[in-house]
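K.L.:
Here is my input; please provide its structure:
(one chain, ligands or ions: 1)
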Amino acid sequence: MISVCPLVPMVPESKRAAANGGRVPLAVRDKQRTTSAFTGTYDEGEICKLLAMLSSRMALRRLQRIAVAPLSFTSGATTKVLRDMSTLPRVYVTRQIPPEGLKILQDSGQVQFELWDSDDVPVPRKELLQKVKGVDGLLCVLTEKIDAELLDAAGSNLKVISTMSVGFDHLSLEELKKRGIRVGYTPEVLTDAVAELTVALLLATSRRLIEATHEAKTGGWGTWRTLWLCGYELANSTVGILGLGRIGVAIAERLAPFKVNKFIYADVGPRPELAKAINAEYVTLDELAKQSDFLLVCCALTPETKEICNKNLFSKMKNTSIFINTSRGGVVNQEDLYEALSTGQIAGAGLDVTVPEPLPTSHPLFTLKNCVILPHIASASYSTRNAMSALAANNLLLGLRRQPMIKELKLTLCSDSAFLHFDRTSADARVRCGGREVGRPLFISYPPLSLRSRGPARLEEEEEAS
Ligand SMILES: O=C(O)[C@H](O)CO
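P.N.:
Here you go, the predicted structure:
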């Protein structure tokens, strides 16, 4: 339910509003948990922007589950504004993030922050290690490795890390958990953008659009020819998804109108709730390779999924198949992919992600006509990047207030040292540790292959509970 009208009575004390310069305290609450999920003070324009940001299809779905309610500032946000800046928590922002997030930080009156003021070059590691000394919070992007060295350099004040990404393979989760540092990330807001780009990349690869424009521009376009630049079509095809999560579902929803015959998926276990939405069949990884005309990689990069797409997988694929990766480059063994593409083992590949990034222009994959390479732009739409930046900023502020973040990685360290991480939005499975249910595995946009476990922890499939 979207409750907009209560915004007016939500100016509860004119004095407080006046002290806030006409700004209105606003909280979006998770109805079930009755915890604040989104808090801050906003003026009319910002509320409009906030609502606009939230009006994407995915966000609307989320909003159906949350309510807007007055915020009670137990910690006194208005007084924070008046407080001497130097007493505010210190935050380092590792990139010039899109304006919505920066504005949220600036206007919060809750933090003092320093920014690496460039989007073109990442902050040099040496500078980063210097800048994080003594900070309370860190807002980073996926180019920064957050490991023991960095956490040591930051010191014990550091309590919150917020990454402007859904991927978290740049974070040493074990180190973070050990140190009790909370982690925010940005799933969901990028689902539509990533799904759109994946479809675009798939079509560009399968219908050879890059080759075609090159031929047209460089004089290769002779007479109309019967088999020249022919590719493979989606109609009547089987589309396979490796790692079925929100993004996989969103891609399948977009591909279905192209008259795909069948969707199949492989994962650590069946995900009936998600699969139902797209009528997808659960298969083994081998079957996924064998049956897919289009194989889409949507799983997170974890130790378990590292180079899961290798010689073994490619050798089982049809030589008419198209391989698409918009998750992380590390999921693919690039030498094996090169081999599969150059020998005609598979027909083509579309990659939005590589190892390393940027991929050197001299890399052999760039020599192949049947390989389309994009510079990691799946989530790169203005609205999505702004939404990611806003979510990352809000996660950070909420974390620093010791409140639940809007999107937080739940890190759990079992007493028997099994290490697992969770997200409350996961659906079809539970994780048990030493016979005790300790939560659900982390299913984000690139799910549940992201489950990591050691020792006795294990994944148990169960019916969706709620
Ligand atoms: O992890 C992420 O958020 C994406 O890869 C950025 O597009």
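
K.L.:
Buried residues, the longest helix belonging to the chain. List them.
P.N.:
What stands out as the longest helix in the chain, according to DSSP state H, is helix 382-400. By neighbour count with 16 or more other CB atoms under 10 Å, helix 382-400 contains the buried residues 383-400. (Each C-beta comes from the backbone N, C-alpha and C, glycine too.)

K.L.:
same question, stretch 353-361
P.N.:
Within stretch 353-361, the residues that qualify as buried are 353-354, 359, counting by 16+ other CB under 10 Å.

K.L.:
ok and the residue in the stretch 301-450 of the chain nearest the ligand?
P.N.:
In the stretch 301-450 of the chain, the residue that lies nearest the ligand is residue 379 (3.4 Å; CB to the nearest ligand atom).

K.L.:
So, low pLDDT: which residues of the chain?
P.N.:
1-85, 412-466 (pLDDT under 70).

K.L.:
near the ligand, which residues of it show up?
P.N.:
Contacts of the chain with the ligand, taken as CB under 6 Å from any ligand atom, map to 142, 165-167, 190, 378-379.

K.L.:
which stretches of the stretch 51-200 of the chain form strands?
P.N.:
66-69, 90-93, 112-115, 137-140, 160-163, 182-184 (DSSP state E, counting those that start in this stretch).

K.L.:
what does the second one contact?
P.N.:
This points to strand 90-93. Residues outside strand 90-93 that contact it (CB atoms under 8 Å, 6 or more residues apart in numbering): 102, 105, 111-116, 128, 131-132, 134-140, 157, 396, 400.

K.L.:
switch the cut-off to 7 Å
P.N.:
For strand 90-93, contacts defined as CB atoms under 7 Å, 6 or more residues apart in numbering pick out 111-116, 131-132, 134-139, 396.

K.L.:
From those, list the buried ones, please.
P.N.:
For the contacts of strand 90-93, a burial check counting by 16+ other CB under 10 Å picks out 111-113, 115-116, 131-132, 135-139, 396.

K.L.:
quick revisit: how about the residue of the stretch 301-450 of the chain closest to the ligand, nearest residue that isn't a chain neighbour?
P.N.:
Closest residue to residue 379 apart from its sequence neighbours, by CB to CB, 6 or more residues apart in numbering: residue 190 at 4.0 Å.

K.L.:
ok, the one you found - contacts?
P.N.:
166, 379, 384, 388.

K.L.:
same check, this time on residue 148
P.N.:
When contacts are counted by CB under 7 Å, 6+ apart, residue 148 touches 172, 175.

K.L.:
what's the neighbour count on residue 174?
P.N.:
By the criterion of other CB atoms under 10 Å, residue 174 has 16 neighbours.

K.L.:
quick one: the strands in the stretch 351-466 of the chain?
P.N.:
With DSSP E, counting those that start in this stretch, the ranges of strands along the stretch 351-466 of the chain come out as 371-373, 408-413, 419-422, 429-433, 436-439, 458-461.

K.L.:
Which residue ranges of the stretch 151-300 of the chain form helices?
P.N.:
For the stretch 151-300 of the chain, the helices defined by DSSP state H, counting those that start in this stretch occupy 173-178, 191-206, 209-217, 246-255, 272-278, 285-291.

K.L.:
With adjacent residues omitted, what lies nearest to residue 285?
P.N.:
Leaving aside its chain neighbours, residue 285 sits nearest to residue 266 (4.7 Å; criterion: CB to CB, 6+ apart).

K.L.:
and residue 213, how many residues sit next to it?
P.N.:
Residue 213: 11 neighbours (other CB under 10 Å).

K.L.:
Give the full set of residues in contact with it.
P.N.:
Residue 213 neighbours (CB under 7 Å, 6+ apart): none.

K.L.:
Would you mind confirming that residue 329 is in contact with residue 354?
P.N.:
Yes: Residue 329 is in contact with residue 354 according to CB atoms under 7 Å; the separation is 4.2 Å.

K.L.:
before we move on, back to that, in JSON lines: the contacts of residue 190, plus distance to residue 183.
P.N.:
Below are those laid out as JSON lines (distance: CB to CB, whole Å):
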{"residue": "166", "distance to residue 183": "12"}
{"residue": "379", "distance to residue 183": "19"}
{"residue": "384", "distance to residue 183": "21"}
{"residue": "388", "distance to residue 183": "15"}
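
K.L.:
Using the record's domain definitions, break the chain down for me.
P.N.:
2-184, 191-373 (automatic domain parsing).

K.L.:
looking at it, residue 208 is touching residue 227, isn't it?
P.N.:
No: counting by CB under 7 Å, residue 208 does not reach residue 227; the two are 11.9 Å apart.

K.L.:
These two: which is more packed in?
P.N.:
For residue 208 versus residue 227, neighbours defined as other CB under 10 Å are more numerous around residue 208 (22 against 5).

K.L.:
separation between the more buried one and the ligand?
P.N.:
In this structure, residue 208 and the ligand are 25 Å apart, going by CB to the nearest ligand atom, to the nearest Å.

K.L.:
How about the contacts made by that residue?
P.N.:
Contacts for residue 208 (CB under 7 Å, 6+ apart) come out as 229, 231.

K.L.:
what's the answer for residue 399, then?
P.N.:
Shown in contact with residue 399 (CB under 7 Å, 6+ apart): 137, 160, 162, 182, 184, 405.

K.L.:
so how many other residues sit close to the fourth one?
P.N.:
The criterion is other CB under 10 Å. On that basis, residue 182 has 23 neighbouring residues.

K.L.:
Settle this for me: it is touching residue 163, isn't it.
P.N.:
No: using CB under 7 Å, residue 182 and residue 163 do not qualify as a contacting pair, with a distance of 11.6 Å.

K.L.:
outside of stretch 160-171, which residues touch it?
P.N.:
With contact meaning CB under 7 Å, 6+ apart, stretch 160-171 is reached by 97, 137-142, 144-146, 176, 181-187, 190, 300-301, 328, 330, 388-389, 392, 395-396, 399-400, 409, 444-445.

K.L.:
got it, and stretch 280-298?
P.N.:
Applying CB under 7 Å, 6+ apart, the set of residues contacting stretch 280-298 is 198, 202, 232, 237-245, 247-248, 251-252, 263-266, 270, 275, 309, 313, 316-318, 320-325, 327, 331, 446.

K.L.:
Filter these down to the buried ones and express that as a ChimeraX selection.
P.N.:
In ChimeraX, this line selects whichever of the contacts of stretch 280-298 come out buried by 16+ other CB under 10 Å:
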select :198,202,232,237,238,239,240,241,242,243,244,245,247,248,251,252,263,264,265,266,270,275,309,313,316,317,318,321,322,323,324,325,327,331,446
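
K.L.:
The contacts of stretch 280-298 in strands, which ones?
P.N.:
238-242, 263-266, 322-325 (DSSP state E).

K.L.:
wait, which of the residues you listed is closest to residue 305?
P.N.:
For the ones in strands among the contacts of stretch 280-298, the minimum distance to residue 305 (CB to CB) is 8.6 Å, reached by residue 242.
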